[in-house]
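Trainee: Build me a model:
(2 chains)
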Amino acid sequence: MSISEFVRSIMLFADLCPVGICIIDEKKKIHLWNRMLARWSGRSGEEMNGEHLDRIYPHLNAPSYRHRIEQVLDGGPPAIFSSQLHAPFFPCPLPDGRVRLQHTSVIRQDKSDGVLAIIIIEDITELGYEIERARSMRDQALEEVEERRKVEKALLFTNRKLNLLSGITRHDILNEVTVLLGNATFLEEMLPAGTDEKKYINTIIRSTKRIQNQISFTSDYEGLGGEEPGWFEIRDVARKAFSLIRPGNITLDIQEGCFQIFADPMLEKVFFNLFENAMRHGGGVTTITIRYDTGPDESMISVADDGVGIPASLRNTLFEKGVGNNTGLGLFLSREILLITGISIEEAGGEGEGARFLIHVPNEMVRREKRL
Amino acid sequence: MNLNKNELDALRELVNIGVGKAAGILSEMTGSKIDLSIPVIHLISGDQYQEIEAVLGGERYSAVRLGFEGAFTGTAFSIFPAKSADILIAAITGDEPDHCGSLTHFHSIHAETLMEVGNILINGVMGSITNILGTRLIYTLPSYSEQAVARLIEEAGSDQRENVIVAQTRMFIQNLNIEGKILLIMGGESLDILIKKIQEIQD
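Mentor: Next up is the predicted model:
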């Protein structure tokens, strides 16, 4: 079959195809320019037939196109031109001016009087622009993440500065409080017993000691929220906190197995407070028991003792600031430490049955297997 | 079937010329210098093909397939391990891999790009073989898939998978080291013809 016979035989079919089809010979003379290409390019078949491809589209004479088209015409395998690595093979802007993205295949055909290359153009504009939109959304999200990182870094920096400032202030106040307490104690020793003056100075000493305690206590919590949360193995954290309270005859019984939670690095302080409270106020606690339980949405850590339990009158306000016999800040700050990563705590024991703290952890903040 | 040292050397030379041409085209297209290492060639033949996973691993490859027919008949594959494919795409398109190091998003457009890169590599190699041996082949259109090598070879058909010529090369682009392989799968008769033609050239 000759070139012209072949072109005639496929002309009708080519016009019906939903892709652009162009046929060129070895000298790159155009023999067929189908209806779809005519519509996209605004150049009719009559206008294009007989034209030289490189004259109409000079960019195709660039080495990245020319070598590969010639390789096909010389007998090489079909060539693919993707939309990502090339400008459109035949620039055919969309009515709104955007670029029509194209995937192009060039295939060789041998005919009795020469060689042809069939150029097939697929319009992948929609796919391409969808991907561009997705890229743009991704880039925007990445920018937002970057922005958030910057803000977090700035907050961390500010937090450190504030901690530094509060540390200096605390140190200065404690110095003054020590002077005040020393002088008040000397004065108290000088005053005769049973006088109003002695009563007033003792009130001053008690108040001053409370101020001293509270200020010292806040230094323990200055790191709250200042470090990135991380994964902590409850057994390790609880054991370490337990060792710090000098537990005497109290035994710690922790469930075996891995149970990690995602929490603020001050998590150890939470367990320290619970253990210290059991020791101070538990009324003869002998065992503290830690157990885990995993439900469909959340997991739970229970920390229970066998002491006298918490009076019903205290239960509702237990985690509020200022409640309790010591500083009144321990359980309040424990709740705040846990809340940083969405963990909550409640007391569920009964008076006379021992204290029982339940720590509720969302399952996405729990790991039951160790990871490297 | 076994190839002697001379035949393997000749085959490596043909593939080397092909990948050299491909590297030139890719460098021109991307505007980055792309070097391809001299390929290492070996032949896996007969029932050894069952053990191909032991040689090439059972991992998933991004593969461009091109069938050919003529003086010798078979299938050519250009394959990239998933990680190399991602690095290659990231280097060419600028899309960054996600936190797992994968480029699963934008899959279609990446497949299209990989198809062109694979097409250029295969065309370089097949063009070099047919030009030097003076043969002309008829080709299918290239297609893209992601599979383990054993599955790719199975698809080539039992008449072809008697011999697998594995040409292993490395592509260096923007200081990145990208692993790629060309597989030529063909029946015993076709390989005989190819070797005879190589011998004719050598004589």
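
Trainee: from here on, contacts and neighbour counts on C-alpha atoms
Mentor: Noted.

Trainee: contacting residues around the least confident helix or strand in chain B by mean pLDDT?
Mentor: Scoring the helices and strands of chain B by mean pLDDT, DSSP states H and E places helix B:52-56 at the bottom, with a mean of 73. The contact list for helix B:52-56 (C-alpha atoms under 8 Å, 6 or more residues apart in numbering or on different chains) reads B:44, B:149-150.

Trainee: can you check stretch A:8-15 too?
Mentor: Residues outside stretch A:8-15 that contact it (C-alpha under 8 Å, 6+ apart) are A:21, A:32, A:34-36.

Trainee: any idea which of the residues you listed is closest to chain B?
Mentor: residue A:21 (15.3 Å; C-alpha to the nearest C-alpha).

Trainee: burial count for residue A:56?
Mentor: Neighbourhood size, residue A:56 [other C-alpha atoms under 10 Å in any protein chain shown]: 11.

Trainee: what's the answer for the one 10 residues further on, then?
Mentor: Residues within reach of residue A:66, counting by other C-alpha under 10 Å, total 13.

Trainee: try the one 3 residues further on
Mentor: By other C-alpha under 10 Å, 25 other residues sit near residue A:69.

Trainee: In the least confident helix or strand of chain B, which residues are buried?
Mentor: The neighbour-count check on helix B:52-56 (16 or more other C-alpha atoms under 10 Å in any protein chain shown) flags residue B:52 as buried.

Trainee: helix or strand right after that helix?
Mentor: Using DSSP states H and E, the helix or strand that follows helix B:52-56 towards the C-terminus is strand B:60-70.

Trainee: That following strand pairs with which strands?
Mentor: Pairing partners of strand B:60-70, with direction, according to DSSP bridges: strand B:74-81 (antiparallel), strand B:137-139 (antiparallel), strand B:143-148 (antiparallel).

Trainee: tell me which residues in that strand are buried?
Mentor: By 16+ other C-alpha under 10 Å, the buried positions in strand B:60-70 come out as B:60-68.

Trainee: same check, this time on stretch A:111-120
Mentor: By 16+ other C-alpha under 10 Å, the buried positions in stretch A:111-120 come out as A:115-120.

Trainee: got it, and stretch B:169-184?
Mentor: For stretch B:169-184, burial by neighbour count (16+ other C-alpha under 10 Å) applies to B:169-173, B:178-184.

Trainee: Please, which helix or strand holds the residue in the stretch 101-250 of chain A positioned nearest to chain B?
Mentor: Nearest to chain B in the stretch 101-250 of chain A, going by C-alpha to the nearest C-alpha, is residue A:131, at a distance of 6.1 Å. Taking DSSP H and E as the definition, one finds residue A:131 inside helix A:125-190.

Trainee: which residues in the chain form strands?
Mentor: Picked chain A for this. In chain A, the strands defined using DSSP state E lie at A:20-25, A:30-33, A:79-81, A:102-111, A:114-123, A:230-233, A:251-254, A:260-263, A:287-294, A:298-305, A:344-347, A:356-362, A:366-367.

Trainee: my bad, chain B
Mentor: Using DSSP E, strands in chain B cover B:34-36, B:40-45, B:60-70, B:74-81, B:137-139, B:143-148, B:163-173, B:176-186.

Trainee: Which of the ones you listed sits closest to residue A:93?
Mentor: Evaluated over the strands of chain B, closeness to residue A:93 peaks at strand B:143-148, with 27.6 Å, by C-alpha to C-alpha.

Trainee: Which residue comes closest to the residue nearest the centre of chain B once chain neighbours are left out?
Mentor: In chain B, the centroid-proximal residue (C-alpha atoms, centre = their mean) is residue B:182; its distance is 1.8 Å. Excluding its sequence neighbours, the residue lying closest to residue B:182 (C-alpha to C-alpha, 6 or more residues apart in numbering or on different chains) is residue B:78, at 4.6 Å.

Trainee: How many residues are close by residue A:309?
Mentor: Taking other C-alpha under 10 Å as the criterion, the count of residues near residue A:309 is 23.

Trainee: what residues are up against it?
Mentor: A:282, A:349-356.

Trainee: Just give me the residue closest to the centre of chain A.
Mentor: Central residue of chain A (C-alpha atoms, centre = their mean): residue A:145, 8.7 Å from the mean position.

Trainee: Make CSV from the buried residues of stretch B:169-184 and add distance to residue B:84 and pLDDT to it.
Mentor: Below are those laid out as CSV (distance: C-alpha to C-alpha, whole Å; pLDDT from 0 to 100):
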residue, distance to residue B:84, pLDDT
B:169, 12, 80
B:170, 10, 80
B:171, 10, 77
B:172, 11, 79
B:173, 11, 74
B:178, 5, 81
B:179, 6, 80
B:180, 8, 83
B:181, 11, 85
B:182, 14, 87
B:183, 17, 86
B:184, 20, 87
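
Trainee: so which two of those residues are the farthest from each other?
Mentor: So, those by C-alpha to C-alpha: farthest apart are B:173 and B:184, at 24.4 Å.

Trainee: so how many other residues sit close to residue B:32?
Mentor: Neighbours of residue B:32 (other C-alpha under 10 Å): 13.

Trainee: again with residue A:213
Mentor: Using other C-alpha under 10 Å: residue A:213 sits among 14 other residues.

Trainee: confidence score at it?
Mentor: Residue A:213 is assigned 80 on the pLDDT scale.

Trainee: Look up how far residue A:151 lies from it.
Mentor: 35 Å (C-alpha to C-alpha, to the nearest Å).

Trainee: State the pLDDT value of residue B:8.
Mentor: pLDDT at residue B:8 comes out at 83.

Trainee: quick one: pLDDT of the closest residue to it other than its chain neighbours?
Mentor: For residue B:8, ignoring the flanking residues on the chain, the nearest one in space by C-alpha to C-alpha, 6+ apart is residue B:41 at 6.9 Å. For residue B:41, the pLDDT comes out at 84.
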